[in-house]
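Undergrad: Dropping a prediction and its sequence here:
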Amino acid sequence: MESVLESVKKQKTNKLNAKLGRRRAFSSFMVSLTILSMLLALTPLFSILGYVLVKGIPALNFAFFTELPAPPGEAGGGMANGIVGTFTLIGLASLIGVPVGLMAGVFLSEYGRNRFGKFVSFLTDIMLGVPSIVVGIVVYALVVLWLGGFSAYAGGIALAFIMIPAVTRTTEEMLKLVPNHIREAGLALGIPKWRVIMLIILPTALRGIITGIMLAVARVSGETAPLLFTAFGNMYWNKSLNEPIASMPVLVFNYAISPYAEWQAQAWAGALTLILIVLVLNVSARLVTRKR
Amino acid sequence: MKKRYGDQLFKAIAYIFGCSIIAMLGLMVWEMFRGSSFALDKYGLGFLFSSSWDPVTEEFGAWPFIYGTIVSSLLALVIATPISIGIAVFLVEVAPKWFRDVVGFLIELLAAIPSIVYGLWGIFVLGPIIREYIAPVFINTLGKFIPFFAGPSFGVGIFTAGVILAIMIIPTIASISREVIMVVPDAQREAALALGATKWEMIRTAVLTYSRSGILGAMIIGLGRAIGETMSVTMVIGNRPEVPDSIFDPAYTMASVIANEFNEASSDIYLSTLIEIGFLLFAVTLLVNIFARFLVWTTSRGIQEAK
């Protein structure tokens, strides 16, 4: 009798063991799938970086940074005006976007802890999701039609529209990280609230805010869609900010879809320069926030 | 107590800048509405479902673009979702700490690459790969029974656009899912493991079930990005204003028709039509984002209550 019971028990444990083995095997299989998905996502990253390096470096020479674009189909030339134009546009956008974003962030963190502030915070999130091409149309209707033509101003304003919600969001988050006792200590000393904000709270959160601004600049420096019908593009140097201005992303776009091999080669060089700008901004943003 | 004019002034200034966010969004809605009212008056809502697009005879219908946007973004979502969840799970549950930081940085880098560079890579690298290697696999299997997967593939088309979009939204979905998964309390994991669950059973029952609505929110935010993405899609989708018969056919999206034709719009009605398409795009992304924020917000609030 006992032996029968034993064997039944044994059979059961064997069955359970076999089942456990299957469950474990399935578990390892699923875990390895997560590793595979990571590799799948990183493949395009390395492919893009590899191609941009391999195809971009041969076309990167001194002329690329100093000369104007060559006429279609001719060798030589560069993107000097595009590089200067991109930095001009970033400068204009930062001139508008940084102060507005910063102050809106101050509002959300220091005065916005009520229903109205929550509403503005929500709208900031919504604005972050607005397609950049839509910003292009709005600035076209607002600025280009008003000034009577494409201009660097219009391009800068379009990029500012994209920068503002990003700067607002990070400023708010960074200011909210400042402990409340610092605010209270300042107020307890009899310092007016606005001076507490400007002289104590903002400097405390400065590193984080600078990181946020750098990431916002990195984001807009590669933006193309909002520039197509605001800054437009220009094959020559600009005489004023009230005329169309060249930019790296728009030049890369026009060159990439052109049928000329010389232009396509320069598009890769332009892409390499753009990636380098974005990468330098991203890495230095990380260095700013890294703990000492 | 003496009045502090400085404080009141500063508060007023802060409020003005806070209101500027509302003003900007309001201005965008108003300008889009004003710009498209001409086309809205002329074509009405039938515009959305008409598929003829002929600027010469001024016949405009938005259906090919709406269709292209829907199909390419859904395709992107279908490809990107499992991969992104895999990455998020890998980063939180599987990878060792040092490796987590490295991969996290690389995924962020994927998000930082400008859209125009994706487009360039799409034209010269991804397009030919899809034409030579990936499309024939589908065309020779599924394509034999389902016309929607039939060939030929030219390298540019709705499928290539979907793949590029998938690559571009993976960092978004993965990073939000990662945050959602990270706030799952350890007690949940420990409980599952204590009941004898294997690692995967623990992830499925304790982690993924707990964070599902947050992940859904992440997917919808990713979808919003895919719908509005312009440059890379414009460069690889083929730009043909017709409803495609097959997933490998060239097509057009709402964003890319604006990017390509806005500067060429020769008549007021043409321009107004393009703005109307932009308005529709704007409205759709607004709704999608509001819904997604709402989802992510309710999840994080639920988690705070559970704590």
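TA: Nice, thanks for sending it over.
Undergrad: Skipping adjacent residues, who's closest to whichever residue of the stretch 151-292 of chain A sits closest to chain B in space?
TA: Nearest residue of the stretch 151-292 of chain A to chain B (CB to the nearest CB) works out as A:Gly222 at 2.5 Å. All C-beta atoms are positioned from the backbone trio N, CA, C, and that covers glycine. For A:Gly222, ignoring the flanking residues on the chain, the nearest one in space by CB to CB, 6 or more residues apart in numbering or on different chains is B:Pro114 at 2.5 Å.
Undergrad: Close to chain A: what parts of the stretch 151-300 of chain B are there?
TA: Neighbours of chain A within the stretch 151-300 of chain B, by CB under 8 Å from any CB of the partner chain: B:167, B:170, B:174, B:198-201, B:203, B:221, B:224-225, B:227-231, B:235, B:255, B:258-259, B:262-263, B:274-275, B:278, B:281-282, B:285-286, B:288-290, B:293.
Undergrad: biggest helix in chain A, by residue count?
TA: Criterion DSSP state H: the longest helix present in chain A is helix A:2-56.
Undergrad: roughly how far out does the very next helix or strand once past that one sit from the chain middle?
TA: As assigned by DSSP states H and E, the chain's next helix or strand after helix A:2-56 is helix A:62-66. For helix A:62-66, the separation from the chain centroid amounts to 27 Å (computed by CA atoms, centre = their mean, to the nearest Å).
Undergrad: give me every residue that touches residue 74.
TA: Unless you meant another one, I'm taking chain A. Each residue near A:Glu74 by CB atoms under 8 Å, 6 or more residues apart in numbering or on different chains is listed here: A:Glu262.
Undergrad: wrong one, chain B
TA: B:Leu223 are the contacts of B:Leu74 under CB under 8 Å, 6+ apart.
Undergrad: and stretch B:50-64, is it in reach of chain A?
TA: No: using CB under 8 Å from any CB, stretch B:50-64 never reaches chain A; the gap is at least 15.0 Å.
Undergrad: Give me the buried stretch members for that stretch, please.
TA: B:Trp53, B:Pro55, B:Phe60, B:Gly61, B:Ala62, B:Trp63, B:Pro64 (16 or more other CB atoms under 10 Å in any protein chain shown).
Undergrad: same check, this time on stretch B:74-90
TA: Neighbour counts over stretch B:74-90 (16+ other CB under 10 Å) mark B:75-77, B:79-81, B:83-90 as buried.
Undergrad: wouldn't A:Arg183 be in contact with A:Ile201 here?
TA: Yes: judged on CB atoms under 8 Å, A:Arg183 makes contact with A:Ile201 at a distance of 6.5 Å.
Undergrad: Tell me how far the residue nearest to the spatial centre of chain A lies from B:Thr234.
TA: In chain A, the centroid-proximal residue (CA atoms, centre = their mean) is A:Arg219; its distance is 2.7 Å. The gap separating A:Arg219 from B:Thr234 is 19 Å, by CB to CB, to the nearest Å.
Undergrad: For the stretch 201-307 of chain B, give the residue positioned nearest to chain A.
TA: B:Gly228 (2.7 Å).
Undergrad: which residues sit in contact with that residue?
TA: Here B:Gly228 is in contact with A:Gly129, A:Val130, A:Pro131, A:Ser132, A:Ile133, A:Val134, B:Ala255, B:Leu281, B:Thr285 (CB under 8 Å, 6+ apart).
Undergrad: Which ones among those residues map onto helices?
TA: Going by DSSP H, the helices hold A:Ser132, A:Ile133, A:Val134, B:Ala255, B:Leu281, B:Thr285 from the contacts of B:Gly228.
Undergrad: got the contact list for the nearest residue to the third one once chain neighbours are set aside?
TA: When you say that, I think you mean A:Val134. Nearest residue to A:Val134 in three dimensions, chain neighbours excluded: B:Phe282, at 4.7 Å (CB to CB, 6+ apart). Listed by CB under 8 Å, 6+ apart, the contact partners of B:Phe282 are A:Val130, A:Pro131, A:Val134, B:Met28, B:Val29, B:Met32.
Undergrad: Against A:Leu40, how distant is the fifth one?
TA: According to CB to CB, B:Val29 stands 39 Å off from A:Leu40.
Undergrad: ok, which stretches of chain A are helices?
TA: Along chain A, counting by DSSP H, helices occupy A:2-56, A:62-66, A:80-106, A:115-128, A:132-139, A:145-147, A:152-177, A:180-188, A:193-195, A:202-204, A:206-221, A:248-256, A:261-289.
Undergrad: Could I get those in CSV, plus columns for mean pLDDT?
TA: Output for the helices of chain A, formatted as CSV (pLDDT from 0 to 100):
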stretch, mean pLDDT
helix A:2-56, 89
helix A:62-66, 89
helix A:80-106, 95
helix A:115-128, 92
helix A:132-139, 95
helix A:145-147, 91
helix A:152-177, 95
helix A:180-188, 92
helix A:193-195, 91
helix A:202-204, 93
helix A:206-221, 93
helix A:248-256, 93
helix A:261-289, 90
